[in-house]
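In: Here is my input, please return the structure:
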Amino acid sequence: MNASDILTYDEACEIREKKYYYEDGKLKINDNIIIPQDGFQEKVLSSPADIQIIGGSRGAGKSACLLLEGLRTEDHPRANSIIIRREKGDLKGGLVKDSETYYSDFGSYGSSEMSWKFRDGKGGELKFEQISDEGKADQRFRGRAIPYIGIDEVNQISEETFWFLMTSNRNVYGLPNRIIGTCNPDIDSWVYHMVKWYLNEDGSVNKDRDSIIRYFYKYGKSINEIIWGNSKEDVYNKAKFYIDKYFSEEHSESISKLDLIKSFQFIYGNVYDNKILITNDPRYIGNVANNGEEAVTRELLGVWRKFEDEEELITAKMMSEVFDNIQQTDGRGGRWITVDVAMEGGDKFIIWVWDDWHIIDLIMLQNVSGYDVLDQIVKIARRYKIPNNRITYDAIGMGAFLGSKYKNRGFIPNSIAFTSSGSPKNKDTFYDLNAEITNDFIIKLQDKEISIAEDVLNRVITIKDPSGKITSQKTVAEHLQLERKAIRWLKEGGMVKGKYRLIPKKEMRKIIGGSPDFIDAMKMRIYASNKPQFSNTLRYLY
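Out: As a prediction, the model looks like this:
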């Protein structure tokens, strides 16, 4: 029987009876038989959905699904499949090694290319690809026709990269086009917005909705610009305005408007469905469970819920409510600029543009010169007609060159210099100005008195290391949700000599892998509103 042959349910049950058998009262497994396990794996591999997100508990057999799907077209000479993971090391230590169990009887593996060629090169090919440098995804995958794309830990790649990969999910040989992404619960990921319909309010999987196929049409760039429905006809009726605009009637004999609509499915996997794992490693569940309640809830029960670190001052819920907040401006607060200055290195040069307490624009640059810093600030100030006395910048470190100890001098005269180590108003409570301003900023977030334009939140920001290599591509919303985790008081109540103080930057870097530059620039808006403004003249250096 070829790997691509379709079995009836009775045939599958008959084969499974040979794969799993009891000997001396113990369950044994015949490794010579390759077939999906009943339950989760069978659901995944028998589904007709165009796109699947498969997730739930650890050990459910998600990676095996990716590999088994790769066998579906092993005998087709034109079949071209890929399985992706963000980091190459994770591929080699996991999927590549496991693939030998599934593929060794069907083909040969080339380690230099990280690819399997089936049937002595006369069948299909499956290649393992890393995608850590997402900035090169366009040049690597554009023009390629790939009927099957498997993505391990799909939440680790950006939303933008995922949708781009979908443009390569095509072929001219009549093969089914499929994308399968594995994912453990990750409420901070864009994937959460794709699967939340399948979840209860507490983040657990809704059993009545699990595995239901839904349909969608994506009319914009963002995940928020998707129209969902229970059928293709349902989606078309809702998205008619967009679909009719792009559909060409002259080709209606070969393609219908409904073909523009994609099917989607989320399937929950439970570790207890994975008989092979439980039989061969009965201690696995205990190993995960001993990591505490959070590990049990998220990694064994598959609950999509945020467990707040008690040391985090800004919760995910607080930040999400700001994202969903109505515009916080009454038209009288005026426009402002807040700047966190960085030049060479891994830190980010950030400019937030505010209309009262509503953020309307963002500039992010890396590895820039002092001239570039000044030039960008002046350009933004001119564009939005913001006077110097409404420009606030970080005056410690790189930003010091912008100002002067005299208010009407420096490169940006009359601008507001924020010195984080300065003296706070409430000297009995806070160690320095940075702690006080951060506390006031958090209260502002709690009271939902800050808002951010949707197009700014959905903007994809590319981060590079000093060598120019892309290290991440996340939306502004994702960056803020990451950075908030680094905003913490020092331990032992956060008190230093009886006063509150933030953890040092080196500790923040350990938590989030970098400096919280977006939030640092944002909280300066608190300081700016408390400072006297020396001049209302719209004055620029040049």
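
In: Going by residue numbers, what spans are helices in the stretch 51-200 of the chain?
Out: Using DSSP state H, counting those that start in this stretch, the helices of the stretch 51-200 of the chain run over 62-69, 88-93, 95-103, 137-141, 159-166, 191-195.

In: Just send these back as TSV, with mean pLDDT too.
Out: TSV is the format used below for these (pLDDT from 0 to 100):
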stretch	mean pLDDT
helix 62-69	93
helix 88-93	78
helix 95-103	91
helix 137-141	82
helix 159-166	91
helix 191-195	93
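
In: just those: most buried one?
Out: helix 62-69 (a mean of 23; mean count of other CB atoms under 10 Å). Heads up, the C-betas are built off the backbone N, CA and C, glycines and all.

In: That one - contacts with which helices or strands?
Out: Applying 3 or more CB pairs under 8 Å, 6 or more residues apart in numbering; DSSP states H and E, we find helix 62-69 packed against helix 40-45, strand 51-56, helix 95-103, strand 148-151, strand 178-183.

In: Could I get the helices of the stretch 51-200 of the chain in a markdown table, plus columns for distance to residue 317?
Out: Formatted as a markdown table, the helices of the stretch 51-200 of the chain follow (distance: least, CB to CB, whole Å):
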| stretch | distance to residue 317 |
| --- | --- |
| helix 62-69 | 28 |
| helix 88-93 | 31 |
| helix 95-103 | 35 |
| helix 137-141 | 32 |
| helix 159-166 | 21 |
| helix 191-195 | 13 |
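
In: Next, name the residue at the spatial heart of this structure.
Out: The centre of the chain sits closest to residue 189, judged by CA atoms, centre = their mean, with a distance of 4.0 Å.

In: Name the nearest residue to that residue, sequence neighbours excluded.
Out: With CB to CB, 6 or more residues apart in numbering as the criterion, residue 189 has its nearest non-adjacent residue at 3.8 Å, and that residue is residue 155.

In: just residue 73 next, same as before
Out: Distances taken as CB to CB, 6+ apart place residue 79 nearest to residue 73, at 3.6 Å, with adjacent residues excluded.

In: Phi first, then psi, for that neighbour.
Out: The phi/psi pair for residue 79 (degrees, to the nearest 10) reads phi -70, psi 130.

In: quick one: it and residue 178, what's the gap?
Out: 11 Å (CB to CB, to the nearest Å).

In: what touches both of the two?
Out: Shared contacts of residue 79 and residue 178 (CB atoms under 8 Å, 6 or more residues apart in numbering): 147, 148.

In: wait, what's in contact with residue 244?
Out: Residue 244 makes contact with residue 257, according to CB under 8 Å, 6+ apart.

In: about what we covered before: burial of the residue nearest to residue 189, as a residue count?
Out: Residue 155: 24 surrounding residues under other CB atoms under 10 Å.

In: so who does it touch?
Out: 183, 184, 186, 189, 190, 191.

In: just residue 21 next, same as before
Out: Contacts of residue 21 by CB under 8 Å, 6+ apart are 27, 28, 30.

In: switch the cut-off to 10 Å
Out: 27, 28, 29, 30 (CB atoms under 10 Å, 6 or more residues apart in numbering).

In: Show the contacting residues for the third one.
Out: In other words, residue 29. 19, 20, 21, 275, 276, 279, 280.
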